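*Asks:* with the sequence up front, the predicted model follows.
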Amino acid sequence: MPCTANTFLAESIPLVTMAVMSFPCQQKSEQMRTRISHSGTWMLYFVAALVFYAVPLQSWAHVTESHSTQTYEVIHAPGTSLLQAINIAAKIYPDGRRYHGYTLSDVQWRFQWDVLPSGMCAITSVHTTLKTTITLPRLLKWPGADRTEFDTYLAALTRHEEGHKQLWKNAANQIDQAIIQLGPRLSCNSLELDANRVGRSILDRTRAAEIEYDLSTNHGCTQGACLPR
């Protein structure tokens, strides 16, 4: 009889939860929240749910993606710059800063194991999910008839945030493939530890890549996402 995972997610604080069940079913769920970057905000959670099944060994891996965009309203009043208008409209985040565009990313992975005739434990399946939401400004009112400045800025800002999203698309696929390619271990506990270690390592590399991405683009400025004061 397969185990049923219990997963607990919280947006306000980093949290680690565990659902402990009696043998032979073993399950654990973990969660971690990451930082807020300068150019965009993203929070990332990961869940590793381990399930013991008495079924023949078959390995498969799959990534499911879901992407959306939302906007906030900007009113560009006469006598103010576009930068000032967006600064006023942009949301204030927990670090006390405003972001014109941000990308929220949620990556989760789940995997199942089986015990081989040899007694070793092997991954049988991995399912990784990625959800992203990009938030961008939407100009409602502006002085005069020309909104070229905003349209040009929005295109560049979108391009920069799409770069952030692509980094996490890469990470989700890397996690999925890295876990399914793990070889058998002497125990399922060792397999669990190694699989999560692989996932966390990829997350760490992706965080570093995001920092480098923002530095190399000056937080999107070199891509055209800059406005004069």
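*Replies:* Looks like it came in fine.

*Asks:* when you work out contacts or count neighbours from here on, use the C-alpha atoms and nothing else.
*Replies:* Fine.

*Asks:* max-length helix in this protein?
*Replies:* Identified as the longest helix of the chain according to DSSP state H is helix 148-180.

*Asks:* buried residues of that helix, list them for me.
*Replies:* Buried residues in helix 148-180, defined by neighbour count with 16 or more other C-alpha atoms under 10 Å: 150, 153-154, 156-161, 163-165, 168-169, 171-180.

*Asks:* what's the answer for stretch 97-115, then?
*Replies:* 98-115.

*Asks:* where does the chain have low pLDDT?
*Replies:* 1-59, 94 (pLDDT under 70).

*Asks:* just give me the neighbour total for residue 132.
*Replies:* Residues contacting residue 132 under the criterion other C-alpha atoms under 10 Å number 23.

*Asks:* that one and residue 68 touch, don't they?
*Replies:* Yes: if you go by C-alpha atoms under 8 Å, residue 132 and residue 68 touch, sitting 6.3 Å apart.

*Asks:* is the residue most central in space within the chain bridged to anything, and to what?
*Replies:* In the chain, the residue lying closest to the centroid (C-alpha atoms, centre = their mean) is residue 105, at 2.9 Å. Listed by DSSP bridges, the beta-bridge partners for residue 105 are residue 132.

*Asks:* using CSV, write down the CA coordinates of stretch 79-89.
*Replies:* Presented in CSV, the C-alpha positions along stretch 79-89 are these (Å, rounded to 0.1, in the frame of the first residue of the first chain):
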residue,chain,number,x,y,z
GLY,A,79,5.7,66.9,-13.8
THR,A,80,7.2,63.6,-12.5
SER,A,81,9.6,61.2,-14.2
LEU,A,82,8.6,57.7,-15.2
LEU,A,83,11.1,56.4,-12.7
GLN,A,84,9.4,58.3,-9.9
ALA,A,85,6.0,57.0,-11.0
ILE,A,86,7.0,53.4,-11.1
ASN,A,87,8.9,53.7,-7.7
ILE,A,88,5.6,55.0,-6.1
ALA,A,89,3.6,52.1,-7.6
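
*Asks:* now what about that stretch, what contacts it?
*Replies:* When contacts are defined by C-alpha atoms under 8 Å, 6 or more residues apart in numbering, stretch 79-89 is touched by residues 72-77, 98-100, 137, 150, 227-229.

*Asks:* just the closest of the residues you listed to residue 191, please.
*Replies:* Set against residue 191, the nearest of those by C-alpha to C-alpha is residue 99 (40.4 Å).

*Asks:* report the separation between the closest one and residue 209.
*Replies:* With distances taken as C-alpha to C-alpha, to the nearest Å, residue 99 is found 20 Å from residue 209.

*Asks:* what's near enough to touch residue 178?
*Replies:* Contact analysis of residue 178 by C-alpha under 8 Å, 6+ apart lists 198, 199.

*Asks:* gap between it and residue 162?
*Replies:* Residue 178 is 24 Å from residue 162, where distance means C-alpha to C-alpha.

*Asks:* what's the closest non-adjacent residue to residue 210?
*Replies:* residue 164 (6.8 Å; C-alpha to C-alpha, 6 or more residues apart in numbering).
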